[in-house]
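> I'll drop the sequence and a predicted model, then ask my questions.
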Amino acid sequence: MLERHLVQTRGFRNTGPRDAPTGFEFRLRLPSYRGLRASLIDGVDVTVDGAHYGYESNRIELGGREFTLTELREAVDQRWELDEAAIVRVVKPGGLTIGVHEITVGVRIRQSYIPIEFQPSVVKESRKATIVL
């Protein structure tokens, strides 16, 4: 079951070897009331404790498949379902320190019925999450 917030506190962790993390990841709930084609997701901006990680380089996993931004924009056969958490992966050599972090996301979504000059819509949220290992 997913939490009400976009940023899920379960699944916030460092990635890579335990003694030499290569980055971090977290789970993200869909900011919509229905599923969405992956090709309409225009990336996720991430800020942790004031350090910004742009949407262009963050990777997103949906349905067990990991996508770069370019791959995501072309993934017309993949959907982000309402009850599925996406996993956002950020490259950060050394990972994050163990403890509480302030995480802010900007989920960038293009919508077919909105004029291009007003795209993408960005849904933002901030919350605290804890890295335990």
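Sure, I can see it.
> For this structure, which segments count as strands?
7-15, 23-28, 36-37, 41-48, 51-53, 59-62, 65-67, 79-80, 86-91, 99-109, 121-131 (DSSP state E).
> Include mean neighbour count when you put these into CSV, please.
C-beta here means a position set from N, CA and C on the backbone, and glycine is covered the same way. Output for the strands of the chain, formatted as CSV (neighbours: other CB atoms under 10 Å):
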stretch, mean neighbour count
strand 7-15, 17
strand 23-28, 22
strand 36-37, 16
strand 41-48, 22
strand 51-53, 13
strand 59-62, 20
strand 65-67, 15
strand 79-80, 20
strand 86-91, 19
strand 99-109, 18
strand 121-131, 15
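> between these, which gets nearest to Arg73?
strand 41-48 (7.3 Å; CB to CB).
> so what secondary structure elements neighbour the closest one?
Here strand 41-48 touches strand 51-53, strand 59-62, helix 69-74, strand 86-91, strand 99-109, going by 3 or more CB pairs under 8 Å, 6 or more residues apart in numbering; DSSP states H and E.
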